[in-house]
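Colleague: Sequence and predicted structure below; questions after.
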Amino acid sequence: VLGSVIEKFGPVKTDCMLLSFGALVVAISAFIQNGPQLIAARFFVSCLGSTFVVNQFWNSIMFNSKIVGTVNGTAGGWGNLGGGLTQVLMPAIYR
């Protein structure tokens with residue numbers, strides 16, 4: 001589904017739409033008062049993972065075909081590193 005959206009609107013507009021949606025969800029999550037609301041907020045925040053697809057597409061059209069594999073691997077690797085460090089550091093910070 002996201003591929004069709006990227007093809008229709010382009011990666012820049014698609015990424016902006018996804019991140020704007022995510023900002024709205026995060027702002028609304030300040031008003032969570034029970035478990036089901038938390039589950040719903042987590043579900044919609046998880047949709048932001050699709051920005052990875054947009055960025056991989058964007059990298060593929062921005063860089064030369066000789067280096068696009070390295071670029072996509074590097075971009076994906078940095079994203080995974082950030083997620084991994086967050087999983088390690090956040091529990092340590094909040095103890």
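Modeller: Great, that's in hand.

Colleague: buried residues in the helix or strand encompassing Gly82?
Modeller: Using DSSP states H and E, Gly82 sits within helix 68-93. Buried positions in helix 68-93, judged by neighbour count with 16 or more other CB atoms under 10 Å: Asn72. All C-beta spots, glycine's among them, are computed from the backbone N, C-alpha and C.

Colleague: One more: stretch 7-21?
Modeller: Under the neighbour-count rule (16+ other CB under 10 Å), stretch 7-21 has Pro11, Thr14, Asp15, Leu18 buried.

Colleague: just to revisit the earlier point, could you give the mean pLDDT of the helix holding Gly82?
Modeller: Averaged over helix 68-93, pLDDT sits at 90.

Colleague: what do you get for stretch 38-57?
Modeller: For stretch 38-57, the per-residue pLDDT averages 91.

Colleague: buried stuff in it?
Modeller: Ala41, Phe44, Ser50, Thr51, Val53, Val54, Asn55, Gln56, Phe57.

Colleague: Hmm, the third one is touching Leu2, no?
Modeller: In this case it means Ser50. Yes - the pair Ser50 / Leu2 is scored as a contact, 5.4 Å apart, by CB atoms under 8 Å.

Colleague: May I see the buried residues of stretch 38-57 organised as a markdown table, with distance to Leu89 added?
Modeller: A markdown table is the format used below for those (distance: CB to CB, whole Å):
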| residue | distance to Leu89 |
| --- | --- |
| Ala41 | 22 |
| Phe44 | 24 |
| Ser50 | 25 |
| Thr51 | 22 |
| Val53 | 26 |
| Val54 | 26 |
| Asn55 | 23 |
| Gln56 | 26 |
| Phe57 | 30 |
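
Colleague: Counting only helices, which of the residues you listed make the cut?
Modeller: If you go by DSSP state H, these have Ala41, Phe44, Thr51, Val53, Val54, Asn55, Gln56, Phe57 in helices.

Colleague: check contacts around the fifth one.
Modeller: With contacts taken as CB atoms under 8 Å, 6 or more residues apart in numbering, Val54 has the following neighbours: Leu2, Ile6, Pro11, Thr14, Asp15, Leu18.

Colleague: What backbone torsions are found at the closest residue to it other than its chain neighbours?
Modeller: Distance criterion CB to CB, 6 or more residues apart in numbering; nearest residue to Val54, sequence neighbours excluded, is Asp15 at 4.7 Å. Phi and psi for Asp15, reported as degrees, to the nearest 10, are phi -60, psi -40.
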